[in-house]
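1. Sequence and predicted structure below; questions after.
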Amino acid sequence: MSDSGLASRKLNVLVTGASGFIGRAAVRNLGALGCHVIAVSRGQPSAAPISGAAREVSAGDLSTSDSVLRDAMRGVNVVVHAAGYAHRAAPDRTSLIAANVTAAARVAEIAASCGVRRLVLISSAAVHGRSVPGVITEMTPVASDDGYALSKFEGEMAVRAMLVGAKTNLVIVRPCAVVGPGCAGNIPRLVRLIMRVPILPFGAICNLRSFIAIDDLAALIGHAALSARSPEVVLAAHRTPISTPDLIRALAYGLERKVFLAPIPVSWLGEAAKCFGHWRQWQGFSGSFQADVGLARHTFGFDAQTPVFDALIATAKWVR
């Protein structure tokens, strides 16, 4: 690994979750950087190959099996662990723990036993909470307030414990909300809402939330994987946050639709959310969550290049 930043020679990099939203982008970027990428997925390789992959491997459930993964990891320099359940994707707590904690620990154990030099764990900035006053940094205390965020933090702790005394260097990447064509979760739901309803009651929301485009996250993962020195934890976000009303306007622009944002008092909407049992989701929608990206800039010279507005427009066009 070179002091200039990225690897100057071909490295063997294994990426788990390679068929997923983040994993696929990471494989594509690492392949473009000249790495020999082993793309590990749960299911059988599809007819369409993963762009950037030199080899594709089906490893099954990472929380229960290890022989295939252990064979694939021999001779690997860096592992990027991007497999796991995304927000709201898991059916229950048991599934979350298996995918985000047990599997992460197993990958770390195999990486250490195979002499892997670095493990990049893709976690989530959600471990700091849904809505946080001020600006968060890598030093902001963890305040996981739902099952998903808690499982991601427990995964971090399990991997740290597994690598105690090992020669494998750990880098934890905590992305803020990731947007771009192919993303899942609240953004596609909001796009479909805008397509159906031309008037929405969110005009009075005054907040700022950090996002990152998928290609920028893939680029930061490349730095975390290949740079000579890397912090143990790094936040991933665009330097400019965006408000929820502007987020909706960007999506509407991508849909080529007009949307009117009625200035209904936020307190009224919050009370309605409580009544219908959606208070936590409302906090994540209306509250602020700003990330300081200074560490990524200082360590890697990295700045996210895709404006969040542009990434949201592209996402809306993809959903539609």
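-> Received, thanks.

2. Go ahead and confirm Asn12 touches Val79.
-> No: checked against C-beta atoms under 8 Å, the pair Asn12 and Val79 is beyond contact range at 9.8 Å. For glycine as for every other residue, the C-beta is placed from the backbone atoms N, C-alpha and C.

3. Between these two, point out the one with more neighbours.
-> Using other C-beta atoms under 10 Å as the criterion, Asn12 and Val79 rank with Val79 on top: 29 against 18.

4. tell me which element that one falls in.
-> strand 78-81 (DSSP states H and E).

5. So which residues make contact with that strand?
-> Residues from elsewhere that reach strand 78-81, judged by C-beta atoms under 8 Å, 6 or more residues apart in numbering: 11-17, 23, 26, 30, 73, 104, 107-108, 111, 116-122, 159, 221, 225-226.

6. Just the mean pLDDT for it, thanks.
-> Here strand 78-81 scores 98 as its mean pLDDT.

7. where in the stretch 51-200 of the chain is pLDDT low?
-> Along the stretch 51-200 of the chain, segments meeting pLDDT under 70 span 65, 87-91.

8. quick revisit: dump the strand holding Val79 to PDB, keeping only the CA atoms.
-> Presented in PDB, the C-alpha positions along strand 78-81 are these (Å, rounded to 0.1, in the frame of the first residue of the first chain):
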ATOM      1  CA  VAL A  78      -8.100  -6.500   1.900                       C
ATOM      2  CA  VAL A  79     -11.700  -7.500   2.800                       C
ATOM      3  CA  VAL A  80     -14.600  -5.100   2.400                       C
ATOM      4  CA  HIS A  81     -17.500  -6.400   4.400                       C
END
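
9. next structured bit after that strand?
-> Taking DSSP H and E, what comes next after strand 78-81 is helix 93-97.

10. Please, where are all the helices along the protein?
-> All helices of the chain, identified by DSSP state H, fall at 21-32, 67-73, 93-97, 103-113, 147-162, 186-196, 214-226, 244-255, 266-275, 279-286, 294-300, 308-319.

11. list residues touching both of Asn12 and Val79?
-> Shared contacts of Asn12 and Val79 (C-beta under 8 Å, 6+ apart): none.

12. Which residue ranges make up the domains of the protein?
-> The record's domain split for the chain, according to automatic domain parsing, is 12-181+211-239+290-304, 186-207+243-286.

13. Looking at those, which one is packed in the most?
-> Ranked by mean neighbour count, the domains of the chain are led by domain 12-181+211-239+290-304 with a mean of 20 (mean count of other C-beta atoms under 10 Å).

14. What distance do you get for Ala272 to Ala112?
-> Separation of Ala272 from Ala112 (C-beta to C-beta, to the nearest Å): 50 Å.

15. Pull the contacting residues for Val132.
-> Residues in contact with Val132 (C-beta under 8 Å, 6+ apart) are 140, 143, 287-290.

16. my bad, Ile264
-> Going by C-beta under 8 Å, 6+ apart, the list of residues near Ile264 reads 201-204.

17. where does it fall, phi/psi-wise?
-> phi -70, psi 130 (degrees, to the nearest 10).

18. For the spatially most central residue of the chain, which non-adjacent residue is closest in space?
-> For the chain, Pro175 is the residue whose C-alpha lies nearest the centre (C-alpha atoms, centre = their mean; 4.6 Å). Nearest non-adjacent residue to Pro175, counting by C-beta to C-beta, 6 or more residues apart in numbering: Ala236, 4.0 Å away.

19. Look up the pLDDT of that neighbour for me, please.
-> 98.

20. Please apply the same query to the one 5 residues further on.
-> Model confidence at Pro241, expressed as pLDDT, equals 97.

21. Surely it is in contact with Gln290, unless I've mixed up the numbering?
-> Yes: counting by C-beta under 8 Å, Gln290 is a contact partner of Pro241 at 4.9 Å.

22. and for the two, which residues touch both?
-> 208-210.

23. Neighbour-wise, which one of the residues you listed leads?
-> Ser210 (26 neighbours).

24. Contact partners for that residue?
-> 125, 176-177, 237-238, 241, 289-291.

25. Out of the residues you listed, which sit inside strands?
-> Using DSSP state E, the subset of those located in strands is 177, 290-291.

26. Between those residues, which sits nearest Val164?
-> Minimum distance to Val164 across those is 28.2 Å, recorded for Ala291 (C-beta to C-beta).

27. show me the contacts for the closest one.
-> Per C-beta under 8 Å, 6+ apart, neighbours of Ala291: 125, 135-137, 176, 210, 235, 237, 241.

28. Format these as a markdown table; extra columns: distance to Ala86.
-> Below are the contacts of Ala291 laid out as a markdown table (distance: C-beta to C-beta, whole Å):
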| residue | distance to Ala86 |
| --- | --- |
| Ala125 | 14 |
| Val135 | 25 |
| Ile136 | 20 |
| Thr137 | 24 |
| Cys176 | 14 |
| Ser210 | 18 |
| Leu235 | 18 |
| Ala237 | 17 |
| Pro241 | 21 |
